[in-house]
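S.K.: next come a sequence and a model predicted from it.
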Amino acid sequence: MTEPLLLTETAAGVRTLRINRPDKLNALNREVIDALDAAFAEAARDPEVRVVVLTGAGPKAFVAGADIAEMHTLTPVQGRDFSLRGSRMMRRIEKLPKPVIAMINGFALGGGLELAMSCHLRIAADSAKVGQPEINLGLIPGFGGSQRLLRLCGRAATLELCLTGAPISAERALQLGIVNRVVPATDLETETMTLARQLAAAAPLALRGLLDCVNVGGECSLEEGLEYESAQFGLMFATEDMREGTRAFLEKRKPTFTGR
Ligand code: COA
């Protein structure tokens, strides 16, 4: 029996998706892209899932990029379709109404860094290396790399990474604001799961409102973003979780959130 390309596990509200092509450093071919797209759509629908953790199988890589062997023979039209396929899947992740954490356990290169950047939070092992090496293949990023990197860490770092193609260390990625945290490789799983469980215990509708605010705010004027935040804030007063959270504070106890 062939191994699935995506390993799925759910515990205590945390769904872990592990890309499972370790012999190819988890490179993104069309099948993996489609499997991720379906898995994230399912995670969005499943009320048991409060948080998603995305990682790669094996000791070396999160994802070492789009599949170069598959891309090598594509025509221009197929190249565009391949780009759209990956981009749409990553946009689904970015707009997921639940937090998604990239657990970067090794190389996150090209499509791997693009995939990590479409997640809401990134925790990297100190041994991880990230970069946009497409230039070395006569290519440019095709799953949003030039755009998300620009928004995450600005023009100078984006141009440096994309023009040189040179990978950088996790520590440097932290300095540039590309990742949220760097932890010793041996602690990566524990630290990520601690954060994931913390988010899984938070009020799901508030998490969703916040993700919406940041997604919308990143793409509109400050005035429009502020209006949007006020509307989302008001919406929270319709939730049982908001009543529970504020009541629990006043009663000096821990809240229990139900997602209603
Ligand atoms: N696409 C397809 N296959 C890939 C791949 C990718 N992006 N990255 C790695 N692989 C494959 C290799 O071809 C090799 O397969 P093989 O054993 O059948 O020959 C296997 O994964 C292991 O990779 P290898 O290069 O032997 O590992 P390494 O430890 O020597 O080097 C990297 C690791 C990440 C530095 C190197 O694999 C690399 O540069 N990968 C491409 C990165 C890239 O350019 N990504 C952007 C793509 S747009």
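M.R.: Received, thanks. Residues are numbered from 1 along each chain as shown.
S.K.: going by C-alpha atoms from here, please, whenever you check contacts or count neighbours.
M.R.: Noted.
S.K.: so what's the residue in the stretch 101-250 of the chain that the ligand sits nearest to scoring on pLDDT?
M.R.: Going by C-alpha to the nearest ligand atom, the ligand is nearest to residue 110 of the stretch 101-250 of the chain, at 4.0 Å. Residue 110 carries a pLDDT value of 98.
S.K.: if I look at residue 158, how far off is residue 186?
M.R.: Residue 158 sits at a distance of 29 Å from residue 186 (criterion: C-alpha to C-alpha, to the nearest Å).
S.K.: so which of those two has more stuff around it?
M.R.: With neighbours defined as other C-alpha atoms under 10 Å, residue 158 and residue 186 compare such that residue 158 has more, 22 against 12.
S.K.: what helix or strand is the more buried one located in?
M.R.: helix 145-164 (DSSP states H and E).
S.K.: give me the contacts around the very next helix or strand once past that helix.
M.R.: Using DSSP H and E, the helix or strand that follows helix 145-164 in sequence is strand 168-169. The contact list for strand 168-169 (C-alpha atoms under 8 Å, 6 or more residues apart in numbering) reads 126-131.
S.K.: quick one: which of these is nearest residue 17?
M.R.: Distance to residue 17 across those (C-alpha to C-alpha) is lowest for residue 128, with 18.6 Å.
S.K.: run a quick neighbour tally on that closest one.
M.R.: 24.
S.K.: what's the distance between residue 142 and residue 36?
M.R.: For residue 142 relative to residue 36 (C-alpha to C-alpha), the value is 17 Å.
S.K.: helix, strand or coil for residue 224?
M.R.: Of the three states, residue 224 takes helix according to DSSP: H, G, I helix; E, B strand; the rest coil.
S.K.: what comes up buried for the helix or strand harbouring residue 207?
M.R.: Assigned by DSSP H and E, residue 207 belongs to helix 204-217. Residues of helix 204-217 classed as buried by neighbour count (16 or more other C-alpha atoms under 10 Å): 204-213, 216-217.
S.K.: what does stretch 178-197 give?
M.R.: So, applying 16+ other C-alpha under 10 Å, buried residues of stretch 178-197: 178-179, 181-183, 185, 188-189, 191-193, 196-197.
S.K.: most widely separated two among those?
M.R.: So, the buried residues of stretch 178-197 by C-alpha to C-alpha: farthest apart are 178 and 197, at 22.6 Å.
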